[in-house]
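> 3D, please:
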Amino acid sequence: MPKIKKAASGKYEFWVDLGRDPLTGKRRQVHRGGFATKREAENELRRLQNEADSSIVVKKQQANVTFEEFSKDWLEWYASTSGNKPSTIDKRQTSLKATYSYIGTIKLKDFNKIMYDRFLTILNENYEPNTLSNIHIVVSMVLDYAVECGLIPTNTARSAKKPKTVKSLQDIAGDIEEKYLTRTEVELLMQAAKDYGTFQNFALLHLLIYSGLRIGEALALETSNIDFKHSAVKVRQTISTGVVKNVKDFQLQTPKQAPAFETSN
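Numbering: from 1, shown residues only. A predicted model of the protein is given here:
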């Protein structure tokens, strides 16, 4: 039981042990002084004890929250504070959804390195390396936020290592062949667009193939961005799409490459 004492200065003071922090395990000892009366010291002591009791209950409840529940709260906070484009928020949301069938029901307090390493191993068996990397990044961001909020002591994802799959030369060659069209395929595609599509579709396809523009950059072009005399295109903006809170959103954003570059046919 803490005792309130009268200091040499004539003011009242006390030391109080507020118990162990439920997450760090460290004892919290607090000193308060400078009270003109003993009643003032008693009121402050009572307030600190009530606040500590409430904090312990809240932290225990929050530490029991599942990863899925907390990650959804984090996504709302991230969307409102990060300043990222809607398309980036959408990618984070997609990556998080991919985790829920594996770790969605696990409580924050139960995360540990062995469990997380196993999680990454399972992902490696079901997803491509880039997708695995995106998932790992967003989970780590969520756990970092949980640490900042005082809900968990450390981020177990920080010390985890992503599994690496060594590809054979045949695999690499197959990946390249799947990603790119041959010249013959491009010619067939252009002819089909010309024969069966609209002029607008043909023009857009022609621009994408011969300029290397992203679809969002091409769709965001305005007449002022095109130099017909020198056959040049100035990329100043892109159309960004994303799904935030189930609302489809289209916005003009700055392109990924800055400052704006020029490309010509």
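> tell me what the helix or strand harbouring Glu187 is packed against?
According to DSSP states H and E, Glu187 maps onto helix 183-196. If you count contacts as 3 or more CB pairs under 8 Å, 6 or more residues apart in numbering; DSSP states H and E, helix 183-196 packs onto helix 199-211. In this view, the C-beta of every residue, glycine as well, is placed from N, C-alpha and C.
> How far does the helix it packs on sit from its chain's centre?
34 Å (CA atoms, centre = their mean, to the nearest Å).
> can you pull the buried residues of the following helix or strand past it?
Counting by DSSP H and E, the next helix or strand C-terminal to helix 199-211 is helix 215-219. Across helix 215-219, burial judged by 16 or more other CB atoms under 10 Å covers 216-218.
> quick check: angle from the helix holding Glu187 to helix 199-211?
160 degrees (axes from the mean of the first three to the mean of the last three CA atoms, to 10 degrees).
> what residues does helix 183-196 touch?
With contacts defined as CB atoms under 8 Å, 6 or more residues apart in numbering, helix 183-196 is touched by 181, 201-202, 205-206, 209.
> And that helix, what's buried?
Neighbour counts over helix 183-196 (16+ other CB under 10 Å) mark 190, 193 as buried.
> next one: it to chain centre, how far?
40 Å.
> Dump that helix to CSV, keeping only the CA atoms.
Only the C-alpha atoms of helix 183-196 are listed here, as CSV (Å, rounded to 0.1, in the frame of the first residue of the first chain):
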residue,chain,number,x,y,z
ARG,A,183,6.6,-10.1,-83.2
THR,A,184,4.2,-12.4,-85.0
GLU,A,185,1.8,-12.4,-82.0
VAL,A,186,2.0,-8.6,-81.9
GLU,A,187,1.2,-8.3,-85.6
LEU,A,188,-1.8,-10.7,-85.2
LEU,A,189,-3.1,-8.8,-82.3
MET,A,190,-2.9,-5.4,-84.1
GLN,A,191,-4.6,-6.9,-87.2
ALA,A,192,-7.4,-8.3,-85.0
ALA,A,193,-7.8,-4.9,-83.3
LYS,A,194,-8.0,-3.2,-86.6
ASP,A,195,-10.5,-5.7,-88.1
TYR,A,196,-12.8,-6.3,-85.2
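> Where does the prediction get shaky in this structure?
Low-confidence segments of the chain (pLDDT under 70): 1, 19-27, 51-63, 165-179, 240-251, 256-265.
> excluding its backbone neighbours, what's nearest the residue most central in space within the chain?
By CA atoms, centre = their mean, the mean C-alpha position of the chain lies nearest to Val138, the distance being 4.3 Å. Excluding its sequence neighbours, the residue lying closest to Val138 (CB to CB, 6 or more residues apart in numbering) is Ser95, at 4.4 Å.
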